[in-house]
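next one to model:
(2 chains)
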Amino acid sequence: MTKTLKLKNNTEQGILDFLKFLLEKDKVKGVFTLKKINKDGSIAYSLITKPEELDDAVPFFPLMPTNAGKLLSRFTLNGIAKEPIIAVVKPCELRAFIELVKREQGNLENIFFISSTCGGVYPSKLAIDNNALKKNLIKYWDDVKKGEINADLRSACKACTEFIPYTADITVDLVGNNVLDKQCILYLNTKNGEEIAKDIKGDFLEREIDNKKLDSIRNKRETEKKKLFSEIDAKMNDLDGLVEIFGRCIGCHGCSKVCPICYCKLCEFESPDSEYGPSYYESELNRRGAIKVPPGTLYYQIGRLTHIAISCVGCGSCEDVCPVDIPLSIIFKKVGESVQKMFDYTPGKNVEEEIPLVTFKQEEFVEVEE
Amino acid sequence: MKKNEDFMPRILAFLCNWCSYAGADLAGTSRIKYPPSILPIRVMCSSRVDPLFILRAYLNGADGVLLAGCHPGDCHYQEGNYYTRRRFAMLKKVAEEVGLEADRLRLSWVSASEGQRYAKVATDFTEKIKELGENPSKSKIFL
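Now for the predicted structure:
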């Protein structure tokens, strides 16, 4: 059984009350959460220290402007956060942050995490039209309460089976929870979570998130995932297929810029080694008689797979920013899952668990030796 | 694919300085015959080879890529080749998943005293690549 805190108010308002309480009582110095930019509803991540600035915060808004794991790593790159912060993030963002911490790109200390069972997010482009977004939001929360997959979500989210946070201090039960509008229940998973919620007005109970409900949602996502994977599989089976999928890549490298796992300051693909100069074109043209410009598309895309598939959390940011709509999130998820399975590894599940490629066992994989 | 008798594959070989490169040297000084298909690149350790190197060779039209290092337990740097093996297994998996021919990639352990073995690895791999035929990426334009 997990200790839980039941607050008056509905879930949306309850969370805001809770965050305000933490700031006012000096339990944390900052709140990291999504906040409205204007009345229309455009949102962005922000770090808030003044309680009244929380009024238009929207912690569980179904958009992910940037993977928060990447943003949090910016605060803690040089060590422990000086003052305690509480961050409201989605499960995949939390896992991305853990992966960055493993790579010494962030620090977990002094950050509390609130996360939720996640109903997924919309593609960022959907938020350009505020009216469309408003209309969609009603449908979104309706689907979340019913535990259905919303039709307009990012494809990464439709196929996401890791929608329950592993290491959050506090979890909010959103998906399949039909009393969202009536009550607010916080699951205090850790000592830190219990500590921070101690003196608030509310009822402390012992309960557990309904596993059956979560399983049925996972099954639905599993079915959707299979469908999306098989669509990609049908194409991605030889060089021609790869050319068909990746051929329209314009080489903007946007996918790697937003990828929380791609953290290298000196990226191989931005380095002089990946600059294709006149002599490259000359020799390639002599050999092939024609060449794509810019070249190196498959090298970049598959190369990125070899570097980050092991830690891909499947947040879908890559596909979200792709100007030519390459189904990157499904490709990375599919290849990622199969690579991660080899090492029985779930990225971001446990900060103590080493990244498989920086460790080894003496007796393993003898089948790849010839 | 039909076996073309005139086809001599071009195989890029990353050989570790301490074992496999010395093994290749020994094969040469012992005058053991093996096909002229191997283009060796000496690296200080097989674990220096980023999967990107192998991928790049493949996409630039190498018919095969051989990665060779010291036998497990014999690495000059104690454990470099264990990392190599993990990474290579990962790379092969990625290649299979995206539909590249993983059979064109090979990992073998060859020690400094195994001139014979080096020649055998080179011969066997060349035969296998001959059966697979030319790397299709040689003639592709939109890579």
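
next, count neighbours for residue 121.
Since no chain was named, I'll use chain A. 27 (other C-beta atoms under 10 Å in any protein chain shown). No exception for glycine: its C-beta is placed from N, CA and C like everyone else's.

sorry, I should have been clearer: chain B.
With other C-beta under 10 Å as criterion, B:V121 counts 25.

tell me the pLDDT of it.
Note for B:V121: predicted pLDDT of 97.

surely it is in contact with B:G64?
No. The criterion here is C-beta atoms under 8 Å, and B:V121 misses it with B:G64 at 11.3 Å.

before we move on, which element is residue 26 in?
If you meant another chain, say so; for now it's chain A. Remark: A:D26 resides in no helix or strand, with elements defined by DSSP states H and E.

let me rephrase: I mean chain B.
Counting by DSSP H and E, B:L26 is found in helix B:20-29.

end to end, how far does stretch B:45-58 reach?
20 Å (C-alpha to C-alpha, to the nearest Å).

no wait, stretch A:148-168
Distance across stretch A:148-168, first residue to last, is 24 Å (C-alpha to C-alpha).

is it positioned near chain B?
No. Against chain B, stretch A:148-168 shows no contacts by C-beta under 8 Å from any C-beta of the partner chain, the least distance being 15.8 Å.

gap between that stretch and the chain center?
Mean-position distance between stretch A:148-168 and its chain equals 9 Å (C-alpha atoms, centre = their mean, to the nearest Å).

strands along the stretch 1-150 of chain A, start to end?
Across the stretch 1-150 of chain A, reading from the start of the chain, the strands by DSSP state E, counting those that start in this stretch fall at A:2-7, A:30-36, A:43-48, A:85-88, A:111-116.

save those strands as CSV, and put in mean pLDDT, distance to chain B and mean neighbour count too.
Below are these laid out as CSV (pLDDT from 0 to 100; distance: least, C-beta to the nearest C-beta, whole Å; neighbours: other C-beta atoms under 10 Å in any protein chain shown):
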stretch, mean pLDDT, distance to chain B, mean neighbour count
strand A:2-7, 90, 36, 18
strand A:30-36, 95, 34, 22
strand A:43-48, 94, 32, 17
strand A:85-88, 96, 31, 25
strand A:111-116, 96, 29, 26
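
tell me which element the closest residue to A:M342 other than its chain neighbours is part of?
The shortest distance from A:M342 to any residue other than its chain neighbours is 6.0 Å, reached at B:K93 (C-beta to C-beta, 6 or more residues apart in numbering or on different chains). B:K93 is part of helix B:80-98 when elements are defined by DSSP H and E.

the residue most distant from the middle of chain A, which is it?
Most distant from the centre of chain A: A:N286, at 44.4 Å, with distances by C-alpha atoms, centre = their mean.

one step back: show me what contacts the residue nearest to A:M342?
With contacts defined as C-beta atoms under 8 Å, 6 or more residues apart in numbering or on different chains, B:K93 is in contact with A:V335, A:S338, A:V339, A:M342.

give me the element the second one is part of.
This points to A:S338. Under DSSP H and E, the secondary-structure element containing A:S338 is helix A:328-342.

what is that helix packed up against?
The contact analysis (3 or more C-beta pairs under 8 Å, 6 or more residues apart in numbering or on different chains; DSSP states H and E) places helix A:328-342 against helix A:155-158, helix A:211-235, helix A:297-308, helix A:317-321, helix B:80-98.

minimum distance to A:Q183: which of those has it?
Distances from A:Q183 to each of the helices and strands packed on helix A:328-342 were compared using C-beta to C-beta; the shortest belongs to helix A:211-235, at 16.0 Å.

now do the buried residues in the helix or strand following the closest one.
Proceeding N to C from helix A:211-235, the next assigned helix or strand is helix A:239-246, under DSSP H and E. Of the residues in helix A:239-246, those buried under the neighbour-count criterion (16 or more other C-beta atoms under 10 Å in any protein chain shown) are A:L239, A:G241, A:L242, A:V243, A:I245, A:F246.

check which helix or strand covers A:K292.
In this assignment (DSSP H and E), A:K292 forms part of neither any helix nor any strand.

who's in contact with residue 69?
The chain I'm using is chain A. For A:G69, the residues meeting the contact criterion (C-beta under 8 Å, 6+ apart) are A:V89, A:E93, A:L94, A:R95, A:A96, A:F97, A:I98, A:E99, A:L100, A:G106, A:P260, A:V313.

hm, I was asking about chain B
Shown in contact with B:G69 (C-beta under 8 Å, 6+ apart): B:15-16, B:19-20, B:45-47, B:75, B:80-81, B:84, B:109-110.

go again with 7 Å.
With C-beta atoms under 7 Å, 6 or more residues apart in numbering or on different chains as the criterion, the residues that contact B:G69 are B:C16, B:C19, B:S20, B:C45, B:S46, B:N81, B:T84, B:W109.

among these, which pair sits farthest apart?
Every pair in those was compared (C-beta to C-beta); the two farthest apart turn out to be B:C45 and B:W109, at 12.9 Å.

give me the angle between the helix holding B:K93 and helix A:239-246.
Regarding helix B:80-98 and helix A:239-246, their directions subtend 80 degrees when assessed with axes from the mean of the first three to the mean of the last three C-alpha atoms, to 10 degrees.

could you point out which element follows helix B:80-98?
Read in the C-terminal direction, the helix or strand following helix B:80-98 is strand B:105-109, with elements assigned using DSSP H and E.

contacts for that following strand next, please.
Under the criterion C-beta under 7 Å, 6+ apart, external residues in contact with strand B:105-109 comprise A:368-370, B:54, B:64-72, B:85, B:88, B:91-92, B:95, B:121, B:125.

again, but for stretch A:358-366
Contacts of stretch A:358-366 from elsewhere in the structure, counted by C-beta under 7 Å, 6+ apart, are B:P72, B:E79, B:Y82, B:Y83, B:R85, B:R86, B:A89.

those also near chain A: which ones?
Among the contacts of stretch A:358-366, the residues lying close to chain A (C-beta under 7 Å from any C-beta of the partner chain) are B:P72, B:E79, B:Y82, B:Y83, B:R85, B:R86, B:A89.

check contacts around the fourth one.
Spelled out, that is B:Y83. Residues touching B:Y83, when contacts are defined by C-beta under 7 Å, 6+ apart, comprise A:F360, B:S47.

can you rerun that using 10 Å?
Contacts of B:Y83 were listed using C-beta atoms under 10 Å, 6 or more residues apart in numbering or on different chains, and they are A:L357, A:V358, A:T359, A:F360, B:C45, B:S46, B:S47, B:C75, B:Y77.

quick one on the thing from earlier: mind putting the contacts of stretch A:358-366 into CSV with pLDDT and distance to A:A127?
Listed next are those as CSV, based on pLDDT from 0 to 100; distance: C-beta to C-beta, whole Å:
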residue, pLDDT, distance to A:A127
B:P72, 95, 53
B:E79, 94, 49
B:Y82, 96, 47
B:Y83, 96, 43
B:R85, 96, 46
B:R86, 96, 41
B:A89, 96, 41
